[in-house]
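> Any chance you could fold what I've pasted below:
(one chain, ligands or ions: 1)
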Amino acid sequence: MKYFITTPIFYANAKLHIAHVYTAVIADVLARFHRQKGDDVFFLTGMDEHGNKVYKKAQEAGKTPQDFCDQIFQATEKTWKSLGISYAKFIRTTNEEHEKGVQFILQKLYQKGNIYQKDYKGLYCEGCEKFLTRKELVDGKCPEHNQKPVLVKEKNYFFKLGDYLPAVKEKIEKRDLLIEPEARKNEVLQILSQGLEDFSVSRESVKWGITLPFDKKQTIYVWVDALANYITALGYGAKSGDQALFNKYWPADLHLVGKDILKFHAIYWPAILLALDLPLPKKIYAHGFMTISGKKMSKTVGNIIDPDSLVQKWGSDAVRYLLLSQIPLGKDGDISLEKMQARYEADLANDLGNLLQRILVMLKKYEIKPVAGSFDFDEKKFTDRMNKLEINGALEMINKLITDGNEYLEKRKPWELAKKDPRETEKVLNNLYSRLTLASSLLKPFMPKISEEISRQLKTLDPKPMFTKFIL
Ligand code: MSP
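You can find the predicted model right below:
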């Protein structure tokens with residue numbers, strides 16, 4: 001089966017932090033899990049490079065916007081590589097193919113009569129890259145970015161959102177378009193029942209963007225430009241006419257997003273797709289926020305942690321594991337280096353690392369050639385959890401597999417048993433060996449390098465400690 005999974009494309013206004021890495025790691029775990037199952041996976045990620053937010057940062061840095069984006073892109077690519085983010089494509093919205101694709105989309109919507117022009121006055125938050133209503137402000141500021149929106153008065157082109165809202169609502173209610181978790185779906189339905197204003201698809205005053213094909217004085221609104229990436233990346237609207245990837249992989253099986261951008265994905269994006277006569281994504285999953293001392297980690301707040309520093313501390317696979325285990329998927333979760341260190345020592349160094357070393361040392365010492373042993377594990381339940389995106393529940397099952405192994409080892413004490421019952425010793429160690437073989441395979445999407453090293457050690461009976469970096 002094909003499986004098309006996407007991350008949001010990240011703003012190129014600064015180097016990415018670990019909350020962004022969190023999104024990418026979840027997507028990567030799912031992509032790897034589906035590959036392991038034999039699915040034909042296309043994993044898309046990328047960068048959102050247009051708009052005033054990026055433009056201003058480039059100016060502050062004394063660079064052209066393109067040079068600035070190139071620099072952020074290089075850093076991101078390096079971070080993604082170091083964390084093993086196994087994407088099939090990294091799209092940049094300044095790519096020519098994307099720009100042409102977006103222009104094609106806008107032209108099509110215009111020709112179909114989905115777009116009209118009007119003078120507009122509104123309060124624009126550059127942090128969110130969207131207009132806010134007065135109701136949404138707290139003390140006159142955007143609550144998300146704690147900054148005052150700017151008053152924008154210009155001629156814009158608008159998309160007739162209202163024409164598509166009933167159909168979007170119906171698709172969600174009928175579960176043709178799944179929005180998860182359930183509470184988020186209810187939020188979206190609530191917004192839909194209140195009604196929404198049409199949204200502008202172009203900006204007059206923003207210069208760093210894609211030119212609107214039917215009015216060259218305007219640029220395409222950065223969110224429309226960004227959402228389109230999910231199809232332009234597959235060649236939709238491509239100049240070359242090559243839509244093979246689009247035909248093969250669209251609709252997306254999963255758009256993974258943070259809860260702050262759910263409205264764009266669950267309402268605006270499906271409406272645009274319906275207007276284009278295209279099928280809707282199958283599922284949109286909104287995860288929660290990574291917080292530090294209760295505050296959302298963000299560049300604007302300034303409470304960010306650099307992923308590269310964590311990779312140096314614990315190694316990339318452990319960072320992947322630790323980020324996932326700090327936050328129950330779908331909920332907000334507070335993270336701290338201390339908690340991550342404690343988890344590193346408990347789960348990885350002690351439970352997993354020690355069990356592996358002890359088993360390997362004993363197998364060698366007693367000259368046992370391991371064969372399949374037995375133990376209890378509900379693999380179907382594990383797969384169900386992964387399919388339902390209950391990633392933390394799935395990880396708990398792997399942890400239990402390992403902690404139960406440690407308990408069994410302590411109970412059966414093969415080092416004592418070896419003196420009186422070699423056959424029983426062999427049985428106990430084989431059971432543990434098989435348990436670790438399964439653990440290593442289940443851990444593969446989460447910690448690919450560590451899983452490979454565990455498998456190598458199990459095959460060669462060559463114990464080598466893996467979790468040694470205790471530096472906080
Ligand atoms: N460029 C838009 C997305 C366009 S997708 C068509 C954007 N970019 S972003 O860089 O601001 O955010 C990218 C993703 O990172 C979003 O899913 C966002 O929710 C996520 N996170 C940013 N900070 C976060 C936390 N503190 N915690 C968890 N994820 C958060 O939005």
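> Which pLDDT value belongs to Lys411?
pLDDT recorded at Lys411 is 98.
> number of nearby residues for it?
When neighbours are counted by other C-beta atoms under 10 Å, Lys411 registers 8. Just so you know, the C-beta spots here come from the backbone N, C-alpha and C atoms, and that holds for glycine as well.
> same deal with Pro65?
Pro65 - counted by other C-beta under 10 Å - has 22 other residues nearby.
> which non-adjacent residue is nearest it?
Take Pro65 and drop its neighbours on the chain: the residue closest to it by C-beta to C-beta, 6 or more residues apart in numbering is Ala58, 4.3 Å away.
> In the helix or strand hosting the one you found, which residues are buried?
Per DSSP states H and E: Ala58 is located in helix 52-60. By neighbour count on 16 or more other C-beta atoms under 10 Å, the buried set for helix 52-60 is 52-55, 57-58.
> Go through those and say which is closest to Ala19.
Each of these was checked against Ala19 using C-beta to C-beta; the closest is Lys53, at 17.0 Å.
> Give me the contacts around stretch 117-137.
Contacting residues not belonging to stretch 117-137 are listed as 51-53, 56, 142-145, 147, 149-158, 199-200, 222-223, 300 [C-beta atoms under 8 Å, 6 or more residues apart in numbering].
> Among the residues you listed, name the buried ones.
51-53, 142, 144-145, 149, 152, 154, 156-158, 199-200, 222-223.
> Show me the helices in the stretch 201-350 of the chain, by range?
222-227, 229-232, 244-249, 262-263, 269-275, 307-314, 316-326, 337-343 (DSSP state H, counting those that start in this stretch).
> Glu187: which of those helices is closest?
helix 262-263 (7.4 Å).
> list the helices and strands that closest one packs on?
helix 182-194 (3 or more C-beta pairs under 8 Å, 6 or more residues apart in numbering; DSSP states H and E).
> Now the helix it packs on: buried residues?
184-185, 187-188, 191-192.
> I'd like to know which elements it is packed against.
Packed next to helix 182-194, using 3+ C-beta pairs under 8 Å, 6+ apart, are helix 165-173, strand 178-180, helix 262-263.
> same thing but at 10 Å, please
The helices and strands touching helix 182-194, judged by 3 or more C-beta pairs under 10 Å, 6 or more residues apart in numbering; DSSP states H and E, are helix 165-173, strand 178-180, helix 262-263, strand 283-287.
> The third one close to the ligand?
What it means is helix 262-263. No: Helix 262-263 stays out of contact with the ligand when judged by C-beta under 6 Å from any ligand atom, the minimum separation being 8.8 Å.
> quick one: contacts of that helix?
Residues from elsewhere that reach helix 262-263 (C-beta atoms under 10 Å, 6 or more residues apart in numbering): 130, 179, 184-185, 187-188, 191-192, 196, 255, 257, 269, 284-287.
> Between those residues, which sits nearest the ligand?
Val257 (4.8 Å; C-beta to the nearest ligand atom).
> thinking again about what came up before, return only those of the contacts of helix 262-263 found close to the ligand.
Val257.
> Quickly check the contacts of helix 262-263 for the two that are furthest apart.
Largest pairwise distance in the contacts of helix 262-263, by C-beta to C-beta, is 23.3 Å, between Leu196 and His287.
> Residue numbers of the stretch 251-400 of the chain in contact with the ligand?
Residues of the stretch 251-400 of the chain lying near the ligand (C-beta under 6 Å from any ligand atom): 257-258, 260-261, 289-290, 296-298.
> if we can go back for a sec, mind giving me CSV with the helices of the stretch 201-350 of the chain and columns for mean pLDDT?
Listed next are the helices of the stretch 201-350 of the chain as CSV, based on pLDDT from 0 to 100:
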stretch, mean pLDDT
helix 222-227, 98
helix 229-232, 98
helix 244-249, 96
helix 262-263, 98
helix 269-275, 98
helix 307-314, 93
helix 316-326, 95
helix 337-343, 94
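> in this structure, what residue sits furthest out from the centroid?
Lys420 (52.7 Å; C-alpha atoms, centre = their mean).
> Lys89: how many residues sit nearby?
Count around Lys89 with other C-beta under 10 Å applied: 14.
> contacting residues around it?
6, 42-46, 229, 233-234, 245.
> quick one: which of these is nearest Leu458?
Using C-beta to C-beta, the contacts of Lys89 come closest to Leu458 at Phe43, 28.1 Å.
> Give the closest residue to that closest one in space, chain neighbours not counted.
Sequence neighbours aside, Ala31 is the residue nearest to Phe43 in space, at 4.0 Å (criterion: C-beta to C-beta, 6+ apart).
> residues touching the closest residue to the ligand within the stretch 251-400 of the chain, list them.
In the stretch 251-400 of the chain, the residue that lies nearest the ligand is Gly258 (1.7 Å; C-beta to the nearest ligand atom). When contacts are counted by C-beta under 10 Å, 6+ apart, Gly258 touches 7-8, 19-20, 22-23, 265, 286-290, 296.
> Same check on Ile284?
6, 172, 177-180, 184-185, 188, 252, 254-257, 262, 265-266, 269-270.
> give me that answer again for 7 Å
179, 255, 257, 265-266 (C-beta atoms under 7 Å, 6 or more residues apart in numbering).
> Pairing partners for the residue lying closest to it once chain neighbours are set aside in the sheet, please.
What sits nearest to Ile284 in space, not counting adjacent residues and going by C-beta to C-beta, 6+ apart, is His255, at 4.7 Å. Here His255 sits in beta bridges with Thr6, Ile284, going by DSSP bridges.
> Do I have it right that His255 meets Phe264?
No: checked against C-beta atoms under 7 Å, the pair His255 and Phe264 is beyond contact range at 10.3 Å.
> Which one's more surrounded, the two?
His255 (26 against 19).
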